[in-house]
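Trainee: Coordinates for the following, if possible.
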Amino acid sequence: MFTFNERDLRLLKVFMTVVESGGYGGAQAEMNIGASTISNHMSELEQRLDTRLCQRGRIGFQLTDTGAQVYEAARRIFSAIGDFTGEMASIRGQLSGSLNLGLLDSAITNPLSPVHEAIWRFNQRDNDARVTVRVEELQTMEKLLLEGQLHAVIGCFPRKISGINYDYVYSEKQELYCGSRHPLFHEEAQSISIQNLSHYRVVSRSMWMQTELPRLMVETASATVNDVLAKAFLIRTGTYIGFLPKHFGDSWVATGELKSLLPQVLGWSAAYYIATRKGFSGSPVMDYFLEDFRTALEDARIEQEI
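Mentor: Now for the predicted structure:
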């Protein structure tokens with residue numbers, strides 16, 4: 001039977017650093033120890049677990065299937081330790097621990113998003129909490145939330161899954177844009193019809209295809225992206241049309257690089273939520289952040305759209 005001890009925690013920390021650094025070379029710089037020491041730690045951990053964790057050699061560093069499972073389990077362990085540390089600090093009257101947030105990219109780029117104010121408020125408190133922000137694909141962040149590696153995710157959720165609570169925050173305007181080199185850029189609004197839009201290449205974000213494509217009367221997208229910056233890039237090439245958050249698209253309109261097309265007809269709103277895991281009792285750090293988030297939301301006086 002495997003018996004977990006303090007030494008195993010240190011070995012797992014080395015293992016996680018190697019994985020997150022992409023191999024021994026990056027881990028050397030991160031931990032400031034030699035490759036031979038790292039190799040010895042890795043070999044010891046493999047012996048302790050009686051399994052091969054990674055392949056190393058000419059093909060480079062690569063996790064085995066078992067290694068990937070161990071890595072995810074180790075992340076959960078250290079996340080739980082962080083939560084425990086925070087709770088113990090709270091008992092002593094200190095605000096400490098980890099706050100792990102997942103944010104959809106447009107929740108960061110929108111200057112009116114209450115998350116900016118919430119983090120500012122949180123850091124006005126007397127605390128030494130470690131804040132981690134991850135910007136990933138939606139499915140990835142949902143998975144991390146369910147595994148307890150993220151405490152909250154703020155973004156759009158076209159589909160809702162069991163095990164997660166979704167609390168509505170605000171709605172964000174979306175408009176259709178084209179680049180300055182696109183044939184529609186110099187067309188008058190009255191000469192543009194929705195039917196004609198289907199003749200042009202469309203770029204769509206993977207999670208919004210079922211919402212965006214029917215509005216343009218097309219069945220498939222000519223290009224797909226998984227983040228707002230890539231979408232804006234393709235639209236700016238002048239060869240695609242696509243929807244962008246209004247605050248983001250208008251920043252390029254101001255420079256003359258983009259144009260909004262039929263906003264009164266084609267504009268729509270994306271609902272944003274703050275998502276938390278069902279059954280998660282929370283931690284002092286998370287509780288304070290949620291309190292600050294709600295205060296920031298009230299102060300923003302958001303009625304429906306930003």
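Trainee: Just give the closest residue to Tyr182, not the sequence neighbours.
Mentor: No, residue 182 isn't Tyr; it's His. Gly238 (4.6 Å; CB to CB, 6 or more residues apart in numbering). C-beta: built from backbone N, CA, C; applies to glycine.
Trainee: what's the answer for Met286, then?
Mentor: Using CB to CB, 6+ apart, the closest residue to Met286 is His151 (4.8 Å).
Trainee: List the buried residues for stretch 168-180?
Mentor: Under the neighbour-count criterion of 16 or more other CB atoms under 10 Å, stretch 168-180 has Val169, Tyr170, Ser171, Glu172, Lys173, Gln174, Glu175, Leu176, Tyr177, Cys178, Gly179 buried.
Trainee: could you give the mean pLDDT of it?
Mentor: Mean pLDDT, computed over stretch 168-180, is 94.
Trainee: Find the residue ranges of the chain scoring beneath the pLDDT cut-off.
Mentor: Across the chain, the ranges flagged by pLDDT under 70 are 1-3, 57-60, 82-95, 281-282, 300-306.
Trainee: 50 - rerun?
Mentor: Across the chain, the ranges flagged by pLDDT under 50 are 304.
Trainee: need the helices for it, in chain order.
Mentor: Secondary structure of the chain (DSSP state H): helices at 6-21, 24-31, 35-49, 65-91, 105-109, 114-122, 138-146, 194-197, 209-215, 228-236, 246-253, 263-266, 284-300.
Trainee: how about the last one as PDB, C-alpha atoms only?
Mentor: This means helix 284-300. Extracted C-alpha coordinates of helix 284-300, given in PDB (Å, rounded to 0.1, in the frame of the first residue of the first chain):
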ATOM      1  CA  PRO A 284     -12.200  32.800   3.000                       C
ATOM      2  CA  VAL A 285     -10.300  34.100   0.100                       C
ATOM      3  CA  MET A 286     -13.000  33.100  -2.400                       C
ATOM      4  CA  ASP A 287     -15.800  34.400  -0.100                       C
ATOM      5  CA  TYR A 288     -14.100  37.800   0.100                       C
ATOM      6  CA  PHE A 289     -13.600  38.000  -3.700                       C
ATOM      7  CA  LEU A 290     -17.200  37.100  -4.400                       C
ATOM      8  CA  GLU A 291     -18.300  39.800  -1.900                       C
ATOM      9  CA  ASP A 292     -16.000  42.300  -3.700                       C
ATOM     10  CA  PHE A 293     -17.300  41.200  -7.100                       C
ATOM     11  CA  ARG A 294     -20.900  41.700  -6.100                       C
ATOM     12  CA  THR A 295     -20.000  45.200  -4.800                       C
ATOM     13  CA  ALA A 296     -18.200  46.000  -8.000                       C
ATOM     14  CA  LEU A 297     -21.200  44.800 -10.000                       C
ATOM     15  CA  GLU A 298     -23.600  47.000  -8.000                       C
ATOM     16  CA  ASP A 299     -21.300  50.100  -8.400                       C
ATOM     17  CA  ALA A 300     -21.000  49.500 -12.100                       C
END
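Trainee: packing partners for it?
Mentor: helix 65-91, strand 98-103, helix 114-122, strand 152-156, strand 164-179 (3 or more CB pairs under 8 Å, 6 or more residues apart in numbering; DSSP states H and E).
Trainee: now the nearest residue to Met141 once chain neighbours are set aside: how far from Leu261?
Mentor: Counting by CB to CB, 6+ apart, Met141 lies nearest to Gly102, which is 3.8 Å off, once chain neighbours are set aside. Counting by CB to CB, to the nearest Å, the gap from Gly102 to Leu261 is 32 Å.
Trainee: re earlier: looking at the helices of the chain, which is nearest to Ile161?
Mentor: The closest of these to Ile161 is helix 138-146. By CB to CB, the value is 6.4 Å.
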